[in-house]
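> Quick one, structure for this:
(one chain, ligands or ions: 2)
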Amino acid sequence: MAVKKLKLQSQPLLIPDGLHDLPTAVMLYQKSTGEIWANSYFESSFGPVSPTRFEVQKNLHLIHERPLQNSVLSLIGRHEGYVLQNNKNVKVPVSIKITQYGEANQETFLVMVEDVTEKLALEKEVIQNHIELQKAFEQQKNTQKALLQTSKLASLGEMASGIAHELNQPLQAILGFSQELDHSEKLSPQSKQFMEEIVNASRHMAGIIKNFRLFVRNSNEELSETSIQHVIEESVTLSKHSLMQKNIDVFTHFASDLPLIEANPTEFKQVIINMIGNSRDAIEQAGTARGKIEITAEHKKNTIELKIRDNGCGMDENTRQKIFDPFFTTKEVGKGTGLGMSISYSILKKMNAEISIQSEVGKGTEFTITLPILNSNAKGAKL
Ligand SMILES: Nc1ncnc2c1ncn2[C@@H]1O[C@H](COP(=O)(O)OP(=O)(O)OP(=O)(O)O)[C@@H](O)[C@H]1O
Ligand SMILES: [Mg+2]
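Numbers count the residues shown, from 1 in each chain. Ligands and ions are numbered 1, 2, ... in the order given. Below is the predicted model:
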């Protein structure tokens, strides 16, 4: 049977009454003739339409300048990201929904247009609120972390206090008597060597106990006007010998306008010495031929930003997470008590300072300490 091919004839656009007064902006577009009709809501919102209105990009185009042809009016589906000139000649963002109208072979499309200015503004506000909520949540998480750290320190502190006290008495006796014996003429060279070992080991223990005590001391030690530069320079001088032995260079840079801070200089020195010591150990562990520690201090608004950077072994995520935990150490037995950073943390907390870490295994570590500056403009630190 022969199939007769029908040539499609364009029918005139028939506009049903209901479309005229629809309280939403609607157009009908007949592709074959290019004929466009808009209802009164459309025209009162976006101005009159003509067959040429959407031929040029300037009236209806993508925000990102994708050229738009009339052909978009026959793309069935929902389209976002277009702007359309409204009746006040202002380009407003619109959402367009296009459906087939009538018989498919007529290629007529119903184009619904919605001004989404307010919707987008609302969306923006919701996103903004979400970001702020997220920020507040992060802040709360950090506060919780800090609180947890503080309570851990407090309970461990009580325990360490008792142990330190009990151990210190007999240890002082061992140290005193062994030092006496060490000086005795009657000892054989070998006994003298053993005695020296005992004295050294006892001194090491005394050092650990001293750390315990510093850790637990509910220090009400006076804070005073302190120059960061003096503290750091003294700490570097005190560490110099052990750094030289390990081939490590220290570079310091201080901004010329550094204001004073409120600190207990002895405690603050302890923080810096421990951190320099940690960098030294990390460099040694990495086996770096030429170790480098850089310390910089800059004035930033109401704070001083202190950075301590090394090219040591760096830290993995687990170490970074636990670094402030009392007794956490990755060093071999006898080398570290794991108290250095937790003591430093409580000292810095007392100074209202903040500390953050950036570290990568094999690359090195950078600590940033942000210290509030003194309100007064007083010059001349008391050290
Ligand atoms: N600059 C650094 N580079 C790499 N790892 C570091 C650095 N500073 C600290 N750490 C890691 O954090 C751990 C804890 O440091 P912390 O100073 O508290 O204790 P410690 O140095 O091991 O012992 P202590 O200071 O009591 O002698 C270290 O054992 C080390 O693993
Ligand atoms: Mg340490």
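
> contacting residues for the closest residue to ligand 1 within the chain?
Ranking the residues of the chain by distance to ligand 1 (CB to the nearest ligand atom) places Gly340 first, at 2.3 Å. The way it works is simple: take the backbone N, C-alpha and C, and place the C-beta from them, glycine included. By CB atoms under 8 Å, 6 or more residues apart in numbering, the contact set of Gly340 is 211, 274-275, 277-278.

> quick one: Ser95 is in a strand?
Yes: assigned with DSSP: H, G, I helix; E, B strand; the rest coil, Ser95 falls within a strand.

> what's across from it in the sheet?
Glu114 (DSSP bridges).

> residue boundaries of the strands in this protein?
25-30, 35-38, 60-62, 77-85, 91-101, 108-115, 224-226, 248-254, 261-263, 291-300, 303-310, 354-360, 364-372 (DSSP state E).

> Contact distance from ligand 2 - what residues of the chain qualify?
274, 278, 340 (CB under 5 Å from the ion).

> Report pLDDT for the residue in the stretch 101-250 of the chain that ligand 2 sits nearest to.
In the stretch 101-250 of the chain, the residue that lies nearest ligand 2 is Asn211 (9.5 Å; CB to the ion). Looking at Asn211, its pLDDT is 70.

> do Gln106 as well
77.

> Burial check on it, number of neighbours?
Number of residues near Gln106 (other CB atoms under 10 Å) recorded here: 18.

> I'd assumed Gln30 was in contact with it.
Yes: using CB atoms under 8 Å, Gln106 makes contact with Gln30 at a distance of 7.4 Å.

> Dump the residues of the chain next to ligand 2 to JSON lines, plus pLDDT.
Below are the residues of the chain next to ligand 2 laid out as JSON lines (pLDDT from 0 to 100):
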{"residue": "Asn274", "pLDDT": "92"}
{"residue": "Asn278", "pLDDT": "96"}
{"residue": "Gly340", "pLDDT": "90"}
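
> so of these, which ones are in helices?
Counted as lying in helices by DSSP state H, out of the residues of the chain next to ligand 2, are 274, 278, 340.

> The first one contacts Ile347, doesn't it?
What it means is Asn274. No: applying CB under 8 Å as the test, Asn274 and Ile347 come out as separate, 9.6 Å apart.

> out of these two, which sits in the more crowded spot?
Ile347 (23 against 19).

> so what's the more buried one up against?
So Ile347 contacts 264, 267-268, 270-271 (CB under 8 Å, 6+ apart).

> so where is the stretch 1-150 of the chain shaky, pLDDT-wise?
The model of the stretch 1-150 of the chain has pLDDT under 70 over residues 1-11, 55-69.

> Number of residues surrounding Ala353?
22.

> again with Arg213
Other residues close to Arg213 by other CB under 10 Å number 14.

> and if you look at Leu75?
There are 12 residues near Leu75, going by other CB under 10 Å.

> ok now stretch 275-282, how far from the chain's centre?
Centroid separation for stretch 275-282 versus its chain: 24 Å, with CA atoms, centre = their mean, to the nearest Å.

> Residues touching that stretch, excluding its own?
So stretch 275-282 is contacted by 235-236, 239, 242-243, 246, 248, 250, 291, 293, 308, 310, 312-314, 331, 335-336, 340-341, 344, 364-365, 367 (CB under 8 Å, 6+ apart).

> of the residues you listed, buried ones?
235-236, 239, 243, 248, 250, 291, 293, 308, 310, 312-314, 336, 340-341, 344, 364-365, 367 (16 or more other CB atoms under 10 Å).

> Which residues are in contact with the closest residue to Tyr41 other than its chain neighbours?
Using CB to CB, 6 or more residues apart in numbering and skipping residues adjacent in sequence, the residue nearest Tyr41 is Ala25, 5.1 Å away. By CB under 8 Å, 6+ apart, the residues touching Ala25 are 38-39, 41-42, 45-46, 112-115.
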